[in-house]
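In: Only the shape, not the letters, is given here:
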């Protein structure tokens, strides 16, 4: 009987120690941040976008080592498909789309628009949800490499 009592106390204590489900809080903060991206990216407010990231955030854009400022600025929209949070951590999975404004002079080789998916790891720091890991991938295939040059004739 004594083992049963200890087991009951152990199970009760383990449930009491579980971090709170913060999915709803994280989802509201993430939706609010995502709603601001189209305006901030299209007007070039990189300093405002930086406020969404933690000081030690890791940004992993596709096909480049670091993220560069683009000019002209594309308009970026984000849609969170799922947010799951526990304690001070949340994970967001979603879709993104960006497009240059009509008539914009595009950088050489740049498509007029692109879409894809993303994952963001959020942490609550000093009461604010911040991105600490951000990775996104395009749904567009990579461009084909040009064929190798033909061998020289002798």
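Out: Yep, that arrived. Note that the structure is predicted; figures quoted are calculated from it, not measured.
In: If we ignore the residues flanking it in sequence, what's nearest residue 21?
Out: residue 86 (6.3 Å; Cβ to Cβ, 6 or more residues apart in numbering). (C-beta placed from N, C-alpha, C; glycine too.)
In: I meant residue 25, not that one.
Out: residue 85 (6.8 Å).
In: quick one: that neighbour from residue 111, how far?
Out: Going from residue 85 to residue 111 by Cβ to Cβ, to the nearest Å gives 34 Å.
In: Settle it for me: which of the two has more neighbours?
Out: residue 85 (23 against 14; other Cβ atoms under 10 Å).
In: Could you tell me whether that one really is in a helix?
Out: No - Residue 85 is assigned strand when assessed by DSSP: H, G, I helix; E, B strand; the rest coil, not a helix.
In: what are the bridge partners for it, then?
Out: residue 90 (DSSP bridges).
In: Also the one 10 residues further on?
Out: Going by DSSP bridges, residue 95 is paired in beta bridges with residue 79, residue 117.
In: State the pLDDT value of it.
Out: Per-residue pLDDT puts residue 95 at 95.
In: And it, how close does it get to residue 143?
Out: Counting by Cβ to Cβ, the gap from residue 95 to residue 143 is 22 Å.
In: try residue 81
Out: Residue 81 is 28 Å from residue 143, by Cβ to Cβ.
In: Residue 117 and residue 92 touch, don't they?
Out: No - counting by Cβ atoms under 8 Å, residue 117 does not reach residue 92; the two are 11.1 Å apart.
In: These two: which has the busier surroundings?
Out: Using other Cβ under 10 Å, the more surrounded residue of residue 117 and residue 92 is residue 92, with 25 against 14.
In: Now tell me what touches the lengthiest helix in the chain from outside.
Out: Identified as the longest helix of the chain according to DSSP state H is helix 23-42. For helix 23-42, the surrounding residues in contact (Cβ atoms under 8 Å, 6 or more residues apart in numbering) are 45, 48-49, 52, 73-80, 83-86, 90, 92, 94, 98, 101, 120, 122, 124, 128-129.
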